[in-house]
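*Asks:* give me a model of this one.
(chains A, B, C and D)
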Protein chains: 2
Amino acid sequence: MRSEDLTARARIRDAAVARFGRDGFRAPVRTIAEDAGVSAGLVIHHFGSKDALRATCDEHVLTVIREQKSAAISLASPSETIGLLAGVQEYAPLFAYIVRSLLDGGALAGHFVDGLVDDAVAYLKAGEEAGTVRSSADPAGRARQVVATQVGLLVMAQLDAAAGHGIAPTESPAAAITQLYDRAMLAGLELYTHGLFTDSSYLDAYLEYKEKP
Amino acid sequence: MRSEDLTARARIRDAAVARFGRDGFRAPVRTIAEDAGVSAGLVIHHFGSKDALRATCDEHVLTVIREQKSAAISLASPSETIGLLAGVQEYAPLFAYIVRSLLDGGALAGHFVDGLVDDAVAYLKAGEEAGTVRSSADPAGRARQVVATQVGLLVMAQLDAAAGHGIAPTESPAAAITQLYDRAMLAGLELYTHGLFTDSSYLDAYLEYKEKP
DNA sequence: GCCACGGCTGAACGGACGTTTAACGTAGTA
DNA sequence: TACTACGTTAAACGTCCGTTCAGCCGTGGC
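*Replies:* Next comes the predicted model:
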């Protein structure tokens, strides 16, 4: 996070993103104010209300993500998309904020996963054209499935951390992502390479059921 | 939910499970008391504190799940496991409660997903032995991956509902699950049948990297 | 009939927290 | 210099909410 020479408004915003990410959205305004080195009143003065502050944070995070995305348009694989932000230490607080928003059901999270799904669709399409990815009868659904797995692993990592095992994505995002991939990469690639079933009987049965129920 | 002729303690507990599931854990004690037709004081009198009430709810939900599980030991496929509870209207509040716990990072959620993963391991093993499921170099990781996808889809469904699209798992669990499978089943089966990649180059590359980094 | 006791209630207490308010200081302007 | 505008603060306000308290009521035992 950039530091001292920011306008108070920006300092508050950055402090809020960091504090919300670490402690969740129940973090008191006074704490955020203290983090930013200002009074609680000033926070309200600048943003109107705590909710409005959060909305501003959402907007800011979304903006940074968009910039970051278009800057890194040449990504390797779709499964790395979600981890990229977390890798750069500077963006770790943003990542934690997004995870919080995810858990909270915030509007930002909706946009964020929509973005991830869109990206996944694009990458999978590119993969198809390059011949490395199979074609699908439901490209959007497949992309959604891929993203859901990432999201689920993230949530489960947060749960594990709460239970004392592993690293919380809201605490040290970079380390958490690393640990997550360490644990899941092999099984994930295996699944995506060979599938789960030995034949297509489940799929066939479903397709048949779909035609005449 | 069973009704009138319960002891007040049990009525409070059931009301708490339902209310926590619907509104989250910030639901006021007074609201729960009202739901149960008692005073707020009595809630505390019986459970000591709101936290203790929640712990009792956790315990109760976990107990019911365990009973339910051992009663339905002859399940069809692992992907149906998570939806079973929600199907029976009576257990819908429990399911909503679990989703809340998942989003909240509660201890119950940890046990719950651990249970799911254990189940998945067992089912996949059974599938392997029956010849319908491929073998894996990391059975636990694969089970975790399968469960993570379910969890992720659930979280994303909650997000969609918050954004106005679709049904919230915490509102009408049964309907939400149905909708979720409608949207995801085809892509999921496709993935689990044929995989995502056309060849094993990604997997090979990872295995090679793992041996000599 | 009286007492004790447990279930139960309504009112009150106290803390946490978002927000409001009045005032202060400083920089820019006439 | 006087006036204005704005960034800023400390204190106070009001509300929500978990929890406590004093007492009421009905039941079972003596």
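*Asks:* what's stretch A:13-21 in contact with?
*Replies:* Outside stretch A:13-21, the residues within contact range by C-beta atoms under 8 Å, 6 or more residues apart in numbering or on different chains are A:1-2, A:6, A:27, A:31-33, A:35-36, A:43, A:53-54, A:56-57, A:60-61, A:93-100, A:170. Where you see a C-beta, it was placed from the backbone N, CA and C, and this is true even at glycine.
*Asks:* hmm, it touching DNA strand C?
*Replies:* No: on the criterion C-beta under 7 Å from any atom of the strand, stretch A:13-21 is out of touch with DNA strand C, staying 10.7 Å away.
*Asks:* out of the contacts of stretch A:13-21, which are buried?
*Replies:* Among those, those classed as buried by 16 or more other C-beta atoms under 10 Å in any protein chain shown are A:27, A:32-33, A:35-36, A:43, A:53-54, A:56-57, A:60-61, A:93-100, A:170.
*Asks:* so which of those also contact DNA strand C?
*Replies:* Under the cut-off given by C-beta under 7 Å from any atom of the strand, DNA strand C has A:27, A:43 from these close to it.
*Asks:* ok, now which ones touch residue A:132?
*Replies:* B:197-199, B:201-202.
*Asks:* give me the buried entries from those residues.
*Replies:* B:197-198, B:202.
*Asks:* domain map for chain A?
*Replies:* For chain A, automatic domain parsing gives the domain ranges A:1-71, A:74-213.
*Asks:* mind giving me JSON lines with the buried ones among the contacts of residue A:132 and columns for pLDDT, distance to residue A:110 and secondary structure?
*Replies:* Converted to JSON lines, the buried ones among the contacts of residue A:132 look like this (pLDDT from 0 to 100; distance: C-beta to C-beta, whole Å; DSSP: H, G, I helix; E, B strand; the rest coil):
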{"residue": "B:197", "pLDDT": "94", "distance to residue A:110": "29", "secondary structure": "strand"}
{"residue": "B:198", "pLDDT": "94", "distance to residue A:110": "33", "secondary structure": "coil"}
{"residue": "B:202", "pLDDT": "90", "distance to residue A:110": "30", "secondary structure": "helix"}
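*Asks:* re the thing from before, sort out for me which of the buried ones among the contacts of stretch A:13-21 are in helices.
*Replies:* A:32-33, A:35-36, A:43, A:53-54, A:56-57, A:60-61, A:93-100 (DSSP state H).
*Asks:* number of nearby residues for residue A:137?
*Replies:* Applying other C-beta atoms under 10 Å in any protein chain shown, we find 11 other residues in the vicinity of residue A:137.
*Asks:* farthest pair within the contacts of residue A:132?
*Replies:* Spanning the widest gap among the contacts of residue A:132 are B:198 and B:202, at 10.1 Å by C-beta to C-beta.
*Asks:* now do residue A:139 against residue B:156, distance only.
*Replies:* As defined by C-beta to C-beta, to the nearest Å, residue A:139 lies at a distance of 17 Å from residue B:156.
*Asks:* one step back: looking at the buried ones among the contacts of residue A:132, spot the one nearest residue A:161.
*Replies:* Once C-beta to C-beta is applied, the member of the buried ones among the contacts of residue A:132 that ends up nearest residue A:161 is residue B:202, at 28.5 Å.
*Asks:* give me the average confidence score over stretch A:138-156.
*Replies:* In this model, stretch A:138-156 has a mean pLDDT of 95.
*Asks:* so which residues on chain A come close to DNA strand C?
*Replies:* Within reach of DNA strand C by C-beta under 7 Å from any atom of the strand, chain A has these residues: A:26-30, A:40-41, A:43-45, A:49-51.
*Asks:* test my guess that residue A:44 contacts residue A:29.
*Replies:* Yes: the pair residue A:44 / residue A:29 is scored as a contact, 7.2 Å apart, by C-beta atoms under 8 Å.
*Asks:* what's the overlap in contacts for these two?
*Replies:* Joint contacts of residue A:44 and residue A:29 (C-beta under 8 Å, 6+ apart) are residue A:50.
*Asks:* which intervals of chain A have sub-threshold pLDDT?
*Replies:* The model of chain A has pLDDT under 70 over residues A:1-5, A:70-88.
*Asks:* make it 80
*Replies:* Across chain A, the ranges flagged by pLDDT under 80 are A:1-6, A:68-89, A:212-213.
*Asks:* can you give me the strands in it?
*Replies:* Remark: no strands are assigned in chain A by DSSP state E.
*Asks:* quick one: name the residues of it near DNA strand D.
*Replies:* Residues of chain A lying near DNA strand D (C-beta under 7 Å from any atom of the strand): A:8-9, A:37-42, A:45-46.
*Asks:* returning to that earlier point: buried subset of the residues of chain A next to DNA strand C?
*Replies:* Buried members of the residues of chain A next to DNA strand C, counted by 16+ other C-beta under 10 Å: A:27, A:29, A:43, A:50.
*Asks:* check contacts around the third one.
*Replies:* Contacts for residue A:43 were tallied using C-beta under 8 Å, 6+ apart; they are A:12, A:16, A:29, A:32-33, A:36, A:50, A:53.
*Asks:* hmm, which two among those residues are most spread apart?
*Replies:* A:36 and A:50 (13.8 Å).
*Asks:* from memory residue A:101 sits against residue A:95, does it?
*Replies:* No: the pair residue A:101 and residue A:95 fails to qualify as a contact (C-beta under 8 Å) at a distance of 10.6 Å.
*Asks:* residue A:121: how many residues sit nearby?
*Replies:* Counted with other C-beta under 10 Å, the neighbours of residue A:121 add up to 18.
*Asks:* not counting sequence-adjacent ones, nearest residue to it?
*Replies:* residue A:143 (4.3 Å; C-beta to C-beta, 6 or more residues apart in numbering or on different chains).
*Asks:* measure the one you found to residue A:26 for me?
*Replies:* Taking C-beta to C-beta, one finds residue A:143 at 33 Å from residue A:26.
*Asks:* what do you get for residue A:99?
*Replies:* Counting by C-beta to C-beta, the gap from residue A:99 to residue A:26 is 15 Å.
*Asks:* in chain A, which spans are helices?
*Replies:* A:8-23, A:29-36, A:40-47, A:50-71, A:78-87, A:92-104, A:107-130, A:139-162, A:173-194, A:201-211.
*Asks:* that older thread, next, format the residues of chain A next to DNA strand C as JSON lines and append distance to residue A:187.
*Replies:* Output for those, formatted as JSON lines (distance: C-beta to C-beta, whole Å):
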{"residue": "A:26", "distance to residue A:187": "35"}
{"residue": "A:27", "distance to residue A:187": "35"}
{"residue": "A:28", "distance to residue A:187": "41"}
{"residue": "A:29", "distance to residue A:187": "43"}
{"residue": "A:30", "distance to residue A:187": "45"}
{"residue": "A:40", "distance to residue A:187": "47"}
{"residue": "A:41", "distance to residue A:187": "52"}
{"residue": "A:43", "distance to residue A:187": "45"}
{"residue": "A:44", "distance to residue A:187": "48"}
{"residue": "A:45", "distance to residue A:187": "51"}
{"residue": "A:49", "distance to residue A:187": "45"}
{"residue": "A:50", "distance to residue A:187": "41"}
{"residue": "A:51", "distance to residue A:187": "41"}
